[in-house]
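[1] Let me see the structure of the following:
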Amino acid sequence: MKDPRSKEFSSGTESSDTVAELQASTVDYDIVALSMPIYYNREGDHDHNGMLFVLEANVPILEYIEALARQGSRRKPGVQTPNLQTLFAAAAPRAQDIEVHLPLTPEQARGPHPLVRPLATRRHGESHASKSDPRS
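    Residues are numbered from 1 along each chain as shown. Next up is the predicted model:
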């Protein structure tokens, strides 16, 4: 007896209908990986070696935020300082499309941003199991 949840079909018509339904309900995204600091809160807690998976369309926003956040910090020798006006001009249209406000000062850029959500955060020194957890 065949499993009713089985994806095997007896005729080519049913198969092509199902493929068409799947294609109609499929959404494709262009995703890229970025290495950049992730700011967790306004107090300055951050991961300076953060890794993000982001929509490719949002990359200009995050590049602008990273460059602005680095303003006033030490530069690595041989690394060119990015032009903030150029980065802002590239980021502004996408920010307007998704209704996100761009930071205007380095202090604002060093705060948490709506496009960046860490998957998990713990306070410094906190273990995976809480002290009230009987398994710890």
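
[2] Look up phi and psi at the nearest residue to I38 once chain neighbours are set aside.
    Once flanking residues are discounted, I38 sits nearest to G50: 3.4 Å by C-beta to C-beta, 6 or more residues apart in numbering. Where C-beta positions appear, they are placed from N, C-alpha and C, glycine not excepted. Backbone geometry at G50, expressed as degrees, to the nearest 10, gives phi -70, psi 150.

[3] quick one: G50 and A33 touch, right?
    No. Using C-beta atoms under 8 Å as the test, G50 is too far from A33 to be in contact (11.0 Å).

[4] who's more crowded, the two?
    The neighbour count for G50 versus A33, taken as other C-beta atoms under 10 Å, is higher for G50 (16 against 8).

[5] Next, count neighbours for V19.
    Residues within reach of V19, counting by other C-beta under 10 Å, total 10.

[6] Please tell me how far it sits from E66.
    Distance of V19 to E66, computed by C-beta to C-beta, to the nearest Å: 42 Å.

[7] How about T105?
    Taking C-beta to C-beta as the measure, T105 falls 14 Å from E66.

[8] what do you get for M51?
    13 Å.

[9] The two: which has the busier surroundings?
    E66 (17 against 10).
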